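J.: Generate coordinates for the sequence data below:
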Amino acid sequence: DEYVAEKIKQIIYLVSSNHPHLGLRITLKLINSSLMVKGLEKLQAHSDSLVKEIGGVRVLSTSLPSTSRDVQKTVEQYKDLTDTPTPLIKTADLGQLKLILNSEFPWFSSLTEQFYRHLLVRQLGDSVFYLPPTLFLGPPGIGKTSYINRLSVLAGVPFKSISLAGKNDNKDFTGTARGWSSGEPSSVINLINDKKIANPIFLLDELDKAGGSAHNGRIHDTLLNLFEPSSACAVYDEYLAAHADLSHITWLCSANDVSQIPTTLLSRLEVVEVQKPKPEHYVRIVKKTIDDFCSRNGIHLSHVPAIEEADWKWFSKYYSSPRRTRKAVEKWLSYRLLHSATAAN
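T.: Have a look, this model is predicted:
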């Protein structure tokens, strides 16, 4: 047995030197095999070094098999997270990222500067995109989701927003037990599996309104584990019956009030107060809304009517928040475009 194990290791080392992904896949299959040959347990260290060399992470441990064909068929869809390293996106041109965010979201400039400094520090190491758990405090409608979405696009990192308002269970983070007909893995693992990226951004909206119970799972208790890298590297998913490494995820949260958030959770968050845009910022918001509307609907910017002084005066009535401004601008633009088309006909 020891002779066979040694020969297998030699083959793996030879393959890995030229094809790291293939070598890792073979190694992990051997480690996970129930027919493990004596001596192969030492290959775990080799698989870890291969993952590091490739620049990815093994997201899932081996899932427990199920007697249900439907469950087993679903589990098979997540096999790549076990058998192959999932890539980690690295930071690129931080100067350009900062410049664009400050141009499009100037009222977030202090937050942009904070993120910029965190990512600069990351570039001194492995350059993998990661931001510490952060809580935004501010009124609704000021563009938090739009800002994070733009950050994710510029960084090339997947992004998902989860609203916690009224949530009474933690299945978005731990999956659903296999016994339920609607059972499935967690939303977090689903996004990683869909995008094949191990370090996405999650925005947890309205953290202060999250619920839960001892029976269904308290969301705040689950987030305590997710926000700590030491425990986030082995989060148990009830549906897959496997542990997941979620330690590379960037967790960003929003809330209107901290009084409903446990102090134990607050201590794990960097708390940032986000202010409303100033009046001079709304000109940029109007123009960005027009650009986004045209891009979304395939309309060339040459068809956009000129904004008259009376139009700007009308827009200013909705300068209480970027959300209200965007709705007003889109309503104005739709009317003007349809009116122009009707007049032309």
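
J.: Next, the buried residues of stretch 90-98.
T.: 90-91, 94, 97-98 (16 or more other C-beta atoms under 10 Å). Any C-beta I mention is one placed from the backbone N, CA and C, and that applies to glycine too.

J.: From the opening residue of it to its closing one, how far?
T.: Stretch 90-98 has an end-to-end distance of 16 Å (C-alpha to C-alpha, to the nearest Å).

J.: Distance from it to the middle of the chain?
T.: The chain centre lies 17 Å from the centre of stretch 90-98; the measure is C-alpha atoms, centre = their mean, to the nearest Å.

J.: what ranges do the strands span in the protein?
T.: With DSSP state E, the ranges of strands along the chain come out as 56-57, 86-87, 134-137, 159-163, 201-205, 235-237, 242-244, 250-255, 270-273.

J.: Dump those strands to a markdown table, plus mean neighbour count, mean pLDDT and distance to residue 123.
T.: Below are the strands of the chain laid out as a markdown table (neighbours: other C-beta atoms under 10 Å; pLDDT from 0 to 100; distance: least, C-beta to C-beta, whole Å):
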| stretch | mean neighbour count | mean pLDDT | distance to residue 123 |
| --- | --- | --- | --- |
| strand 56-57 | 22 | 84 | 19 |
| strand 86-87 | 20 | 88 | 18 |
| strand 134-137 | 20 | 92 | 19 |
| strand 159-163 | 17 | 93 | 21 |
| strand 201-205 | 22 | 95 | 18 |
| strand 235-237 | 20 | 93 | 27 |
| strand 242-244 | 22 | 93 | 27 |
| strand 250-255 | 24 | 94 | 16 |
| strand 270-273 | 13 | 92 | 19 |
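
J.: mind putting those strands in JSON lines, distance to residue 342 included?
T.: Shown next, in JSON lines, are these (distance: least, C-beta to C-beta, whole Å):
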{"stretch": "strand 56-57", "distance to residue 342": "55"}
{"stretch": "strand 86-87", "distance to residue 342": "50"}
{"stretch": "strand 134-137", "distance to residue 342": "43"}
{"stretch": "strand 159-163", "distance to residue 342": "38"}
{"stretch": "strand 201-205", "distance to residue 342": "40"}
{"stretch": "strand 235-237", "distance to residue 342": "55"}
{"stretch": "strand 242-244", "distance to residue 342": "55"}
{"stretch": "strand 250-255", "distance to residue 342": "42"}
{"stretch": "strand 270-273", "distance to residue 342": "47"}
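
J.: Which among these is found nearest to residue 193?
T.: For those, the distance to residue 193 is smallest for strand 86-87, at 8.6 Å, taking C-beta to C-beta.

J.: Run through the stretch 201-345 of the chain and note the low-pLDDT ranges.
T.: In the predicted model of the stretch 201-345 of the chain, residues 211-217, 341, 343-345 satisfy pLDDT under 70.

J.: Kindly report the same for the stretch 1-150 of the chain.
T.: Checking the stretch 1-150 of the chain against pLDDT under 70 turns up 1, 17, 20-21, 23-25, 27-55.

J.: Give me the buried positions along stretch 105-124.
T.: Buried residues in stretch 105-124 (16+ other C-beta under 10 Å): 105, 107-108, 111-112, 114-115, 118-119, 122.

J.: Next step: the residues you listed restricted to helices.
T.: Taking DSSP state H, the ones among the buried residues of stretch 105-124 that sit in helices are 111-112, 114-115, 118-119, 122.

J.: Was I right to think residue 135 contacts residue 257?
T.: No. In this structure residue 135 lies outside contact range of residue 257 using C-beta atoms under 8 Å: 11.1 Å.

J.: mind listing what the one residue sitting closest to the centre of the chain touches?
T.: With distances taken as C-alpha atoms, centre = their mean, residue 201 lies nearest the centre of the chain, 2.3 Å away. Applying C-beta atoms under 8 Å, 6 or more residues apart in numbering, we find residue 201 in contact with 131, 148, 151-152, 157-160, 249-250, 252.

J.: what does residue 63 give?
T.: Taking C-beta under 8 Å, 6+ apart as the test, what residue 63 contacts is 75, 78, 82, 240-242.

J.: Next, give phi and psi for it.
T.: phi -80, psi 150 (degrees, to the nearest 10).

J.: The spatially closest residue to residue 275 that is not a sequence neighbour and residue 143, how far apart?
T.: By the measure of C-beta to C-beta, 6 or more residues apart in numbering, the closest residue to residue 275 outside its immediate chain neighbours is residue 107, 6.1 Å from it. Separation of residue 107 from residue 143 (C-beta to C-beta, to the nearest Å): 8 Å.

J.: list residues touching both of those two?
T.: With C-beta under 8 Å, 6+ apart, residue 107 and residue 143 have common neighbours residue 277.

J.: which residues touch the closest residue to residue 277 other than its chain neighbours?
T.: The shortest distance from residue 277 to any non-neighbouring residue, by C-beta to C-beta, 6+ apart, is to residue 107 (4.2 Å). If a contact means C-beta under 8 Å, 6+ apart, then residue 107 has 142-143, 274-278, 281 as its contacts.

J.: Equivalent analysis for residue 188, please.
T.: Counting by C-beta under 8 Å, 6+ apart, residue 188 has contacts 172-173, 202, 244, 246, 249.
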